[in-house]
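[1] structure of the sequence below:
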Amino acid sequence: MVTRKPAVAGSWYPGSAGALASAVDGYLELAGDAEPRLGAITAIVSPHAGLMYSGPIAAYAYRTLQTHAFDVAVLVGPSHFIPFDGVAIHRSGGFETPLGVAAVDEECSAALIAAAPAVHERPAAHLREHSLEMQLPFLQRVAPAVRIVPLLMGRQTAETARALGEALAAVLRGRRSLLIASTDLSHYYDARTAVKLDAVVIDHLARMDVDGLQQALDVRPEHACGGGPTVAVLAAAKRLGARAATILKYGDSGDVSGDKSSVVGYVAAAIGA
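    The predicted structure follows:
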């Protein structure tokens with residue numbers, strides 16, 4: 001029962017429970033009524049930069065969850081620091097933030113390992129990684145009791161994304177589950193260029209075009225650092241019955257910093273029936 005300690009608390013987001021809750025709640029309030037016209041939400045797409053930059057966008061995705069109930073949330077993000085084949089799972093224990101410990105759904109994790117040869121237990125891949133950690137403060141505020149399955153994709157091949165999407169759908173069918181794709185969009189282009197690059201991902205996402213998104217990423221992986229996780233989540237959501245995607249908010253780091261000469265793009269989306 002290993003608890004994964006926070007890697008970026010106090011730097012990427014506030015290190016105290018009070019300050020973190022206040023910041024997250026403030027972003028959720030500013031997002032207003034972000035409820036999409038979906039009967040049920042199967043998945044969301046949310047960015048993972050420092051809270052002051054991506055928080056105003058991520059809040060739009062998490063705001064949609066406040067009227068829904070889930071038993072398990074599967075978080076899928078990219079590995080920024082350690083390259084490896086397949087998908088790294090942290091199968092037991094929990095993930096800690098200043099808001100508490102998000103417990104891992106060990107039964108669901110074991111089922112996923114059994115269903116997907118590409119999924120391997122690799123706790124070391126999670127130690128420094130921020131892509132899942134940045135989702136947790138929002139998740140802990142809108143669904144504090146939900147258990148999690150933390151997944152990091154190493155080399156983001158089409159084969160890995162396809163296999164993970166199929167396995168997620170098989171394991172989650174019949175469960176009250178939420179899929180979370182953690183991704184930022186283009187990195188360090190000027191804002192005009194970023195908008196054009198990001199529009200490619202956003203268009204495929206809005207149309208739920210799994211194959212088109214994968215083909216775009218095959219040509220230009222820089223479209224999204226979590227492109228593979230997004231493909232896997234979108235594919236799984238479709239297999240689980242999702243029929244529509246709503247783009248809730250788009251922005252970039254320059255909206256906060258004021259520097260539009262070199263930005264990181266962010267999108268929030270909800271996917272459901």
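[2] quick check, V101 in contact with G94.
    Yes: the pair formed by V101 and G94 meets the contact definition of Cβ atoms under 8 Å, at 4.1 Å. Backbone N, C-alpha and C define where each C-beta goes, glycine included.
[3] so the two - more neighbours on which side?
    G94 (18 against 15; other Cβ atoms under 10 Å).
[4] A194 and V201 touch, don't they?
    No: using Cβ under 8 Å, A194 makes no contact with V201, being 11.0 Å away.
[5] what residues are shared contacts of these two?
    L185 (Cβ atoms under 8 Å, 6 or more residues apart in numbering).
[6] contacting residues for the spatially most central residue of the chain?
    With distances taken as Cα atoms, centre = their mean, the chain has S182 as the residue nearest its mean C-alpha position (2.2 Å). If you count contacts by Cβ under 8 Å, 6+ apart, S182 has them with 46-48, 75-78, 131-132, 134-135, 226, 229.
[7] can you show me the helices along the stretch 1-150 of the chain?
    Ranges of helices in the stretch 1-150 of the chain, per DSSP state H, counting those that start in this stretch, are 17-31, 51-63, 106-115, 136-142.
[8] may I see those helices organised as TSV, with distance to A124, mean neighbour count and mean pLDDT added?
    Formatted as TSV, the entries for the helices of the stretch 1-150 of the chain read as follows, by distance: least, Cβ to Cβ, whole Å; neighbours: other Cβ atoms under 10 Å; pLDDT from 0 to 100:
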stretch	distance to A124	mean neighbour count	mean pLDDT
helix 17-31	26	16	97
helix 51-63	25	25	97
helix 106-115	16	17	97
helix 136-142	19	24	98
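[9] out of the ones you listed, which is closest to A236?
    helix 106-115 (11.0 Å; Cβ to Cβ).
[10] circling back to that earlier point, can you add pLDDT, neighbour count and distance to A17 and give the contacts of S182 back as a markdown table?
    Converted to a markdown table, the contacts of S182 look like this (pLDDT from 0 to 100; neighbours: other Cβ atoms under 10 Å; distance: Cβ to Cβ, whole Å):
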| residue | pLDDT | neighbour count | distance to A17 |
| --- | --- | --- | --- |
| S46 | 98 | 30 | 21 |
| P47 | 98 | 30 | 23 |
| H48 | 98 | 25 | 20 |
| L75 | 98 | 28 | 21 |
| V76 | 98 | 31 | 26 |
| G77 | 98 | 28 | 23 |
| P78 | 98 | 24 | 28 |
| S131 | 98 | 25 | 22 |
| L132 | 98 | 25 | 19 |
| M134 | 98 | 26 | 16 |
| Q135 | 98 | 28 | 17 |
| G226 | 97 | 27 | 27 |
| P229 | 98 | 32 | 28 |
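[11] how about those residues in TSV, adding distance to S177?
    Below are these laid out as TSV (distance: Cβ to Cβ, whole Å):
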residue	distance to S177
S46	16
P47	21
H48	20
L75	11
V76	12
G77	17
P78	21
S131	19
L132	16
M134	20
Q135	15
G226	19
P229	16
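[12] what's the closest of the residues you listed to R155?
    For the contacts of S182, the nearest to R155 is P78 (10.0 Å; Cβ to Cβ).
[13] ok but A268 is inside a strand, no?
    Yes: going by DSSP: H, G, I helix; E, B strand; the rest coil, the assignment for A268 places it inside a strand.
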